[in-house]
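[1] build the 3D model from these lines:
(3 chains)
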Amino acid sequence: MDLTLKVWRQAGPDAEGGFKTYEANGVSPEASFLEMLDQVNEKLNEAGEEPIAFDHDCREGICGMCGVMINGHPHGPQDGTATCQLHMRKFSDGDSIVIEPWRSTAMPVVRDLIVDRSPFDRIVEAGGFITINTGAAPDANMTRIPKEAADSAMDAASCIGCAACVAACPNSAANLFTAAKMQHLNLLPQGQPERYTRAVAMVETMEAYFGSCTNHGECEAACPKNISIDFIAMMNRDYVKAQFKNFARAGQA
Amino acid sequence: MTTQQRPAVRQRRRWQDWLSGFFTSSVGLKWMMALTGIGLLLYVLAHLVGNLKIFLGANEFGEYEIDLYSEALRNLGGHLVPAGSILWLFRLGLIAAFVIHIGASAILTRRNWDARGMNRYEAPRQYAAANYASRTMRWGGTIILLFLLFHLADLTLGWANPSFEHGQVFDNVLASLTRPPVAILYLIAQAALALHIFHGAWSLFQSLGSANPRYNAFRRYFAAAFASAMFLGNVAIVVAVWAGWVS
Amino acid sequence: MEEAAVTDTASPKLDARIPDGPIQDRWDNHKFDVNLVNPANKRKYEIIVVGTGLAGASAAATFGELGYNVKAFTYHDSARRAHSIAAQGGINAAKNYPNDGDSIYRLFYDTVKGGDFRARESNVYRLAQVSNAIIDQTTAQGVPFAREYGGLLDNRSFGGAQVSRTFYARGQTGQQLLLGAYHALSRQVAAGTVELHTRSEMLDVVVKDGRAVGIVVRDLVTGEVASHSAHAVVLATGGYSNVFFLSTNAMACNATAVWRAHRKGALFANPCFTQIHPTCIPASDEFQSKLTLMSESLRNDGRIWVPLDPDDRRPANDIPEDERDYYLERQYPAFGNLVPRDVASRAAMRIIDQGGGVGPLRNGVYLDFASAIERLGKNTIEERYGNLFEMYERITDEDPYEVPMRIYPAPHYTMGGLWVDYNLMTTVPGLYAVGEANFSDHGANRLGASALMQGLADGYFVLPATIGDYLSDWLNTEPVSTEDDVFVDAVAAVNERTEQFLAIGGTRSVDHFHRELGKIMIENCGLARSREGLEKAISEIKALRAEFWSDLRVLGTAENLNQSLERAGRVADFLELAELMCLDALDREESCGGHFRVEHQTEDGEARRDDENFSHVSAWEWIDVDTPQELHREPLTFEYVPPSQRSYK
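    Down below sits the predicted model:
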């Protein structure tokens, strides 16, 4: 099939960017979206124009590197799919496709379709861990964890950190990411000793970069792992509770 | 690459820091918006219930029920407290709720605009979950606020109602609503209010941290039912005035 | 073809430093015998860790906890993206929670046997020993392993073992373990013990007076080339399956770090030991950029077949039962569809090579769930494999509940890597290799769910205990200054190479050369290898390399983010590594594990190992690009698991 691509090109973080239009001809419907870009790049290279830079790596929807806005859909029109898993059979011959980088102040464009997602790491560094040194752990079966809690923690933990939630949010909020990272740990017994300090530290670091949640639910719809906004509600509760909890005297459990 | 500078997370040593930290955080502000939102929802509900007394017309002494109702409101607390003081307590609470609700939303809006910055998408966004109501909260809220000011001027203070007489609620309402532009304004405002509630009454559960797969669907129904009830109830008064059901 | 120069058995370069004593006590004895760095002195040391996958992140985090000053480097934008994240199946441990007779000794035994007797017994035993601590550690970190309703950990079985010892987190075990390590690393970053450099690619190891003193790194965003010095350098940079171009590895996985280390004196062990995984989704067109793996657990319930008549073009469901060849069940009645990876892959490849493949490109075999769905019901199958079926459908647009899956063997893991001693130190003092980057524990074939185990064993438990042995010699010395000539020269060399790529100004893209290299390698150094094919491959690789250096086109500059430039360096190194792989495959005149030489097979096509002549590790020493590398041998002895022929009939 033949497609017309309108792609954001930007030479560097401080450079002026703009859209350029490319023809992608003879695209196989079996190709993935990124393979289609590979082919466009191959032709650009032949023609002497620098290839389009885009982040990608595992190409099986788990590393979280890839992610672009495709015709106004984060990760494209297919539900629960990262850009790399999107296949061209979802498009039709003659389609025009607008391809843009994620947009938010906290995640500026590095080049073309690549953005700087490092604020996510800052949020995790603020408290997205369980403080335990290597070697000090008790037997793994010492603490029993209700299956439902373990499953729910796993739902939250399946976040791939792609930032589609931020891209999709009209407020550029990172609440779904932060909530997923936080609730993964807050749902488990292992996470209880630091539950409320974690909530405060992660929320306030998040807020130093991102907008606030107005409960549109766009993040959930955009999430390639279909992570539920229930976790945002749980994060809100933990954060507010943290304000009133007497953990100086009673600990956090 | 050089990663972005880590922001300083507030250190909370003093109680003032604790207070300011909580109440300036976005999650804290949303929590406050949800709480005040509940207060305002209760208020608009009570307001509607009271207003519906207009359909009761006059009693055997020729006194309008709604006029009696407004008098009763002013005399809340009976002779235990100075006249009108309880009503004023409610009014102060309401004003506080409005100030906090609107103030918080103004702060958050400002933050969200900053977070989005000048970064617009070229292709029209294909919203999958956000609805018209959720995306127009700010504008709907502004319409409601402007309407509220007019409404106070119209039926509480009487500035915008040439035939206004204090305490004569029934006559005042009739006099005001029979003016076509005012009736239309009321209809628009009620639509804005219903939309605002349709998202707000759902959203507050999220902001307060109440989510449970068991009743998540109910949250939507609740919001829809609340919004519809408000719209139908309030619009019924306007329609009734024009249809001549109340006179 | 020149013969490789061979050093006599037991090269003095290869002192594996294996401790004495009964195998059960060796690791404990060794930990007692090695020199330690006392807690107050640890902060006087700098350690560089390259790569933040399972092995790298866990090592960097643990060093940080211990008090060392760590610099960690990743070419990704975050420490959470390494390809460890894509591991699906699980992680083995000898916990024996299911009470089915598992033990450290059995895990050790299975791993040595599964590796076809080409791994060091002592290393494998240690791996089995620390496996349990890994499960404890990761559970405490909050890794949400699957649980039973009583709240205890669940286990499942995996290929090559007769016990259930695999811990798993849905089909995303690698992701969850990596996130655990990433969280631990993030904690150290926040604590200031680890300085994390993202989007920074290591392009050379710096060696002074025979020991590793630092690395040269290119900032992938600004293009700036800088050097970093330390007391020790740890490479945790993964395997080299991408030499085949189409593999299950991520697009960026590369061998540059290990290859640069190799060129600086680190011996490269068993480069020909590569694993081809049987259950991948076949390529659908020539533009395919990678192959997607589906967990091997699919073979628990799926039946593999092809039409009896290779020219049968009917849709799978129209082919009657008696016109199907369930070839694994036919050839291996005892294990059937559950034969180990190498056997299953080879059987499929044989059929596809003979033109018996199915699918539009005739490059697959069927993996059929119809009888399992009939027997267990669709719900059970969905519970077990739902996410895999969904993934398959997304890629192929076919519903595996209705039509059989098509599968194809794909390069997946490389058992070979930098030679390391028992301390995980390479032949360059101060330079360590952990995880898939080293060669140590899997011999000639890796068992399922063992890669995660090894990466974390190295990073959390082994290296942090052994690195002090080397570091203690350098107490109160400063790392070599990056102003030193050796660093200045190394930076200049890296810059020069970068300029070279940009200056060639040819006509072909980097991907073109990578793809061509992949074709040569998969055809001649893939599942089945022959002397003739390997010799042909070596000359083709040389020709391709010459073409690469004269006809490559890399546009843009070195002063900003330039993905073609990044790939050029990686492919240039693959072009050298590929030759060594072929050389090693030529030299190893036997078939074992993932290495199958067609000259060495039994009458019914099974691998024939040669313990008399090849029970050793082949470690290759770099001379220069035009001289064949020098072979060193480390003999392998088996005191506890006597070598036997593997049979799955």
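
[2] what's the burial count for A:G217?
    Neighbour count for A:G217, taken as other C-beta atoms under 10 Å in any protein chain shown: 24. In this view, the C-beta of every residue, glycine as well, is placed from N, C-alpha and C.

[3] and whatever residue of chain A ends up closest to chain B, what does it touch?
    Residue nearest to chain B within chain A (C-beta to the nearest C-beta): A:R237, separated by 2.6 Å. Residues in contact with A:R237, defined by C-beta atoms under 8 Å, 6 or more residues apart in numbering or on different chains, are B:L208, B:G209, B:S210.

[4] following the host helix or strand of it, which helix or strand comes up?
    A:R237 belongs to helix A:230-244 when assigned by DSSP states H and E. Using DSSP H and E, the helix or strand that follows helix A:230-244 in sequence is helix A:247-250.

[5] what's in contact with that next one?
    In contact with helix A:247-250 (C-beta under 8 Å, 6+ apart) are residues A:Y196, A:T197.

[6] phi, psi of A:E49?
    Per-residue torsions, A:E49: phi -110, psi 140 (degrees, to the nearest 10).

[7] quick one: low-confidence parts of chain B?
    In the predicted model, chain B carries pLDDT under 70 at residues B:1-13.

[8] C:E639: neighbour count?
    Around C:E639 there are 9 other residues, counting by other C-beta under 10 Å.

[9] check C:R633 too.
    For C:R633, the tally of surrounding residues (other C-beta under 10 Å) stands at 18.

[10] what kind of secondary structure is it in?
    Following DSSP: H, G, I helix; E, B strand; the rest coil, we place C:R633 in the strand state.

[11] so what are the domain limits for chain C?
    In the domain annotation for chain C, the residue ranges read C:278-411, C:485-613 (automatic domain parsing).

[12] now whatever residue of chain C ends up closest to chain A. Nearest residue, chain neighbours left out?
    Closest contact between chain C and chain A, by C-beta to the nearest C-beta, is at C:G151 (3.1 Å). Excluding its sequence neighbours, the residue lying closest to C:G151 (C-beta to C-beta, 6 or more residues apart in numbering or on different chains) is A:R144, at 3.1 Å.

[13] do the same with A:S152
    A:L187 (5.5 Å).

[14] isn't the one you found right up against A:A153?
    Yes: with contact defined as C-beta atoms under 8 Å, A:L187 counts as touching A:A153 (4.2 Å).

[15] which one of these two has more residues nearby?
    Neighbours around A:L187 and A:A153, counted as other C-beta under 10 Å, are more numerous at A:L187. The numbers are 27 against 24.

[16] which residues touch C:R80?
    Residues in contact with C:R80, defined by C-beta under 8 Å, 6+ apart, are A:G64, A:D121, A:G161, C:T52, C:L178, C:L179, C:Y182.

[17] how does it look with 7 Å?
    Counting by C-beta atoms under 7 Å, 6 or more residues apart in numbering or on different chains, C:R80 touches A:G161, C:L178, C:L179, C:Y182.

[18] for the second one, what is the enclosing helix or strand?
    In other words, C:L178. Secondary structure assignment for C:L178, by DSSP H and E: helix C:173-191.

[19] go on, C:V49?
    Per DSSP H and E, C:V49 falls inside strand C:46-50.

[20] could you do C:P411 as well?
    With secondary structure defined by DSSP H and E, C:P411 is part of strand C:405-414.

[21] just the strands in the stretch 151-300 of chain C please.
    C:156-157, C:164-167, C:194-197, C:200-208, C:211-219, C:225-229, C:232-235, C:268-269, C:274-280 (DSSP state E, counting those that start in this stretch).

[22] how much space separates the residue of chain A closest to chain B from chain C?
    Counting by C-beta to the nearest C-beta, to the nearest Å, the gap from A:R237 to chain C is 19 Å.

[23] re the thing from before, would you single out the least confident of the strands of the stretch 151-300 of chain C?
    Sorting the strands of the stretch 151-300 of chain C by mean pLDDT places strand C:156-157 lowest, at a mean of 84.

[24] for burial, what's the neighbour tally of the residue nearest to C:G151?
    The tally of other residues near A:R144 (other C-beta under 10 Å) stands at 14.

[25] which pLDDT value belongs to it?
    For A:R144, the pLDDT comes out at 97.

[26] before we move on, what SS does it have?
    On the basis of three-state DSSP, A:R144 is classed as coil.

[27] next, the contact list for the residue in chain B that chain A sits nearest to, please.
    The minimum distance from chain B to chain A, using C-beta to the nearest C-beta, falls at B:G209 (2.6 Å). Contact analysis of B:G209 by C-beta under 7 Å, 6+ apart lists A:A233, A:M234, A:N236, A:R237, A:V240.

[28] cool, and C:A372?
    The contact partners of C:A372, by C-beta under 7 Å, 6+ apart, come to C:D301, C:G302, C:I381.

[29] got a winner among those for most neighbours?
    Across these, neighbour numbers were computed from other C-beta under 10 Å; C:G302 holds the maximum, 24 neighbours.

[30] so that residue touches C:F369, yeah?
    Yes: the pair C:G302 and C:F369 passes the contact test of C-beta atoms under 7 Å, sitting 5.3 Å apart.

[31] shared neighbours of the two, anything?
    Listed contacts common to C:G302 and C:F369 are nil; contacts here mean C-beta under 7 Å, 6+ apart.

[32] lowest mean pLDDT across the domains of chain C, which one is that?
    The weakest mean pLDDT among the domains of chain C belongs to domain C:278-411, with a mean of 91.

[33] stretch C:313-328: end-to-end distance?
    Stretch C:313-328 stretches 21 Å from its first residue to its last (C-alpha to C-alpha, to the nearest Å).

[34] please identify the buried residues of that stretch?
    Buried residues in stretch C:313-328, counted by 16 or more other C-beta atoms under 10 Å in any protein chain shown: C:A316, C:I319, C:R324, C:D325, C:Y326, C:Y327, C:L328.

[35] name all residues that make contact with the first one.
    With contact taken as C-beta under 7 Å, 6+ apart, C:A316 is in contact with C:Y366, C:V403, C:P404.

[36] 10 Å instead?
    C:305-307, C:324, C:358-359, C:366, C:368, C:370, C:398, C:402-406 (C-beta atoms under 10 Å, 6 or more residues apart in numbering or on different chains).

[37] up against chain A, what does the stretch 201-350 of chain C have?
    C:220-223, C:248-253, C:281, C:283-294 (C-beta under 10 Å from any C-beta of the partner chain).

[38] for PyMOL, what selects the buried ones among those residues?
    To isolate the buried ones among those in PyMOL, judged by 16+ other C-beta under 10 Å, type:
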select buried, chain C and resi 220+221+222+223+248+249+250+251+252+253+281+283+284+287+288+289+290+291+292+293+294
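
[39] can you narrow the residues of the stretch 201-350 of chain C next to chain A to ones near chain B?
    Among these, the residues lying close to chain B (C-beta under 10 Å from any C-beta) are C:L220, C:V221, C:T222.

[40] any chance of those residues in JSON lines, plus distance to C:G377?
    As requested, these are exported to JSON lines (distance: C-beta to C-beta, whole Å):
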{"residue": "C:L220", "distance to C:G377": "50"}
{"residue": "C:V221", "distance to C:G377": "52"}
{"residue": "C:T222", "distance to C:G377": "57"}
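
[41] okay, these in CSV with pLDDT next?
    Output for these, formatted as CSV (pLDDT from 0 to 100):
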residue, pLDDT
C:L220, 97
C:V221, 96
C:T222, 95
